[in-house]
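*Asks:* Just to be clear, the model below is a prediction. Sequence and coordinates:
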Amino acid sequence: MKLSKTEQVALISVVVTLGLTLLKFGFYLLTGSVALLADAVHSFTDTFTSILVFLGIKISKRKTASFPYGLYKVENMVSLFISFAIFYAGYEIVREAVAHPSGAINLPIVAAAAAAISTVVSYGLSVYKLKAGKKFNSPSLIADGHHSRSDALSSIVVLVGVLTGFDRIAALIIVFFVIKAGVRPFIDSLKVLLDASIDPETLLKVKDILKSDPRVVKVKSLKGRNSGSFKFIEAVIELKAHSFEEAHEVSEKLERAVKREIPNVDEILIHYEPVSRAHCRYAIPVVNENGTRLSEHLSSAPFFVLVDVDGEQVKNRKVIANPYAKLERHKGPMVAKMLAKNDVDCVIVSSEPPGGVKFILEGMGIELIIAHVDMVEDALKFALKEAQRTGSHE
């Protein structure tokens, strides 16, 4: 079975930490350094936690009937366990380097070399795991990277103790950094396990993606949570759609956009609600500035009558010129953008326009009403009657 990138990193960590354990124990047998023995025990705990990370990553990817949302939080549980292991490592450093005086050491240069090798390898391993953890958004790898860094710091204590005998002061300084390394994964794991919200920057980015579709009138609510390496997001939006099918299509399009733009989104659920139009602005293409007769052509109409309606009452009416009426190319998209800029909700026409123009209008959330009449007043009466029938102005 092919291993994922995160599984490969975790397995490499198991091999390297096991190698360090054997190296330190071997040099302990050679030199008699109790500090090296304690560091070997510390490295063995690293091996154990790396095995847990590997198993956690593997288990977290499974979905079953009992766990339909996945076992992603297993990674966070492993991360929490590792944070406790880091705190214990700090305790061990103090206990071994401060509470127990150093005894005579055979071949101190050899013991120092072993501690130096351990420091370099452990630090390199921590950088590798932290980089991979951040790249693949793996909380357990990030926590294990901090754990390996604490191992490097404990090896420095051993090195200082072997070379100078003054390991107590070094231990007290280094243990501060060890505890600090465990605080971040501890807090992050607890937040995820308690379903804390994802970061505000990600939520803001999701909101911008949702509002990028002109048919989305308002994002009413937006929330999300982390689970292991993945994010779960829920949104409620107000949508200008002419049918259930169109609303569903817009929702699916937005879900794909969020997954494409935001990494590690396992699931986004968008609830859509129709816009309740207490107010509606109609646009009617007309042949002259008097605004009495409909133009047969939507994009080529020299003028548009804009009519504001509250409920069934006409509140405002004005005529605007169409600056794109005589364009030879791309007049349809330009007119549609102009109408959208003027906050038009519906366009009333006497006959169905070309498919391209209709598609552009619908894409901008502008409803098209075909009245089959010639006079503006008749067209407006038809639209109001349709609105009353469908309840769109309630």
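*Replies:* All right, it came through fine.
*Asks:* give the contact list for Ala196.
*Replies:* 225-226 (C-beta atoms under 8 Å, 6 or more residues apart in numbering). All C-beta atoms are positioned from the backbone trio N, CA, C, and that covers glycine.
*Asks:* can you do 7 Å?
*Replies:* With contacts taken as C-beta atoms under 7 Å, 6 or more residues apart in numbering, Ala196 has no neighbouring residues.
*Asks:* Quick check: the gap between it and His271.
*Replies:* Distance of Ala196 to His271, given as C-beta to C-beta, to the nearest Å: 22 Å.
*Asks:* A strand includes Leu222, no?
*Replies:* Yes - the assignment for Leu222 is a strand, going by DSSP: H, G, I helix; E, B strand; the rest coil.
*Asks:* burial of it, as a residue count?
*Replies:* A total of 17 residues lie near Leu222 under the criterion other C-beta atoms under 10 Å.
*Asks:* tell me which residues form a beta bridge with it?
*Replies:* On the basis of DSSP bridges, Leu222 is bridged to Ala235.
*Asks:* quick one: secondary structure of the residue nearest to Lys211 when sequence neighbours are not counted?
*Replies:* Once flanking residues are discounted, Lys211 sits nearest to Val219: 6.2 Å by C-beta to C-beta, 6 or more residues apart in numbering. Using three-state DSSP, the structure places Val219 in strand.
*Asks:* Val219 against Lys207, yeah?
*Replies:* Yes - between Val219 and Lys207 there is a contact under C-beta atoms under 7 Å: 5.4 Å.
*Asks:* all helices for the stretch 101-250 of the chain, in order.
*Replies:* Along the stretch 101-250 of the chain, counting by DSSP state H, counting those that start in this stretch, helices occupy 108-135, 139-164, 167-193, 200-211, 244-261.
*Asks:* quick one: the second one to helix 108-135, angle?
*Replies:* Using axes from the mean of the first three to the mean of the last three C-alpha atoms, to 10 degrees, the interaxial angle of helix 139-164 with respect to helix 108-135 works out to 160 degrees.
*Asks:* quick one: buried residues of helix 139-164?
*Replies:* Neighbour counts over helix 139-164 (16 or more other C-beta atoms under 10 Å) mark 139-162 as buried.
*Asks:* helices or strands up against that helix?
*Replies:* helix 5-31, helix 34-60, helix 73-94, helix 108-135, helix 167-193 (3 or more C-beta pairs under 7 Å, 6 or more residues apart in numbering; DSSP states H and E).
*Asks:* Relative to Gln388, which of the ones you listed is closest?
*Replies:* helix 167-193 (50.9 Å; C-beta to C-beta).
*Asks:* Would you mind finding the most buried of the helices of the stretch 101-250 of the chain?
*Replies:* With neighbours taken as mean count of other C-beta atoms under 10 Å, those reach their highest mean count in helix 139-164, at a mean of 26.
*Asks:* on that earlier part again, in contact with the residue nearest to Lys211, which residues?
*Replies:* 207, 210-211, 235, 237.
*Asks:* Could you give the number of residues near Ala89?
*Replies:* Residues near Ala89, counting by other C-beta under 10 Å: 22.
*Asks:* surely it meets Ser154?
*Replies:* Yes - taking contacts as C-beta under 7 Å, Ala89 lies within contact range of Ser154: 6.3 Å.
*Asks:* what residues are shared contacts of the two?
*Replies:* With C-beta under 7 Å, 6+ apart as the test, Ala89 and Ser154 both reach His42.
*Asks:* Show me what stretch 200-218 is in contact with.
*Replies:* Under the contact criterion C-beta under 7 Å, 6+ apart, stretch 200-218 has outside partners 219, 222, 224, 233, 235, 237-241, 250, 254, 257-258, 261-262, 275, 340, 364-365.
*Asks:* Equivalent analysis for stretch 125-140, please.
*Replies:* By C-beta under 7 Å, 6+ apart, the surrounding residues in contact with stretch 125-140 are 5-6, 9, 13, 16, 53, 56-57, 75-76, 78-79, 141-142, 144-145, 148-149, 152, 188-189, 228-229, 263-264.
*Asks:* what does the model give the residue lying closest to Lys58 once chain neighbours are set aside for pLDDT?
*Replies:* Nearest non-adjacent residue to Lys58, counting by C-beta to C-beta, 6+ apart: Glu7, 6.2 Å away. On pLDDT, Glu7 comes in at 84.
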